[in-house]
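Q: Give me coordinates for this.
(one chain, ligands or ions: 1)
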Amino acid sequence: MNLHKAQIIDFPKIPDERGNLSFFENEKQLPFTIQRVYWIYDVPGGEMRGGHAYHHLEEVIVALSGSFDVVLHNGNEEHRFTLNRSHYGLYIPKMIWRRMENFSTNALAFVAANASYDESDYIRNFTEFQQLIQDASNRI
Ligand code: TYD
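A: Numbers count the residues shown, from 1 in each chain. I've put the predicted structure just below:
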């Protein structure tokens, strides 16, 4: 459920001998309208970020520098994406558990999201997440 909607978006890349340039714009390269961006950096070796899902939030994660893994879980199965190119973004729909790990030195994770920060949108307990997934599939 939902995991198939998670996908790598290949952003435009303008090659130039002075250096490459990539970009995205609301509703063109992105499947949503950006309300917020944030970035994660200076991650000590071996640390993990994330470890939660969102009720409603959708995000696109880009490794602007370095590399890291984003591990997605839909309650039944998990899939690992390694991000290491700054013209690739990983789109993550709502109700997907995610964790980020294996950060390289100087990794910079840039995240565009479709809503403002709202702690009540977080699901931080994996058992609760699985229960919500189960409840949703029982309603179908
Ligand atoms: P959190 O989303 O839990 O971090 P992770 O990237 O590891 O999932 O956020 C960590 C802290 O930062 C938490 O106290 C909330 C705060 N925060 C904001 O205030 N605004 C934001 O946009 C984000 C993403 C987090």
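Q: Nearest residue to the residue most central in space within the chain in space, please, no chain neighbours.
A: Among the residues of the chain, residue 61 comes closest to the average C-alpha position under Cα atoms, centre = their mean, at 4.3 Å. Nearest non-adjacent residue to residue 61, counting by Cβ to Cβ, 6 or more residues apart in numbering: residue 90, 4.8 Å away. Heads up, the C-betas are built off the backbone N, CA and C, glycines and all.
Q: Neighbouring strands - and their directions - for the helix or strand containing the one you found?
A: Following DSSP states H and E, one finds residue 90 within strand 88-92. In the sheet, strand 88-92 lines up against strand 7-10 (antiparallel), strand 59-65 (antiparallel) (DSSP bridges).
Q: Ok, which of those comes nearest the ligand?
A: strand 59-65 (9.4 Å; Cβ to the nearest ligand atom).
Q: Tell me which residues are up against that closest one.
A: 9, 11, 24, 30, 39, 70, 83-86, 88-92, 100, 106-114 (Cβ atoms under 8 Å, 6 or more residues apart in numbering).
Q: ok, what's across the strand from residue 73?
A: Under the criterion used here (DSSP bridges), residue 73 is bridged to residue 78, residue 97.
Q: Can you check what pLDDT the model gives it?
A: On the pLDDT scale, residue 73 is placed at 97.
Q: Just give the number of residues close to it.
A: Using other Cβ atoms under 10 Å, residue 73 has 18 neighbouring residues.
Q: Residue 125 too?
A: The burial count for residue 125: 13, using other Cβ under 10 Å.
Q: Check residue 139 too.
A: 6.
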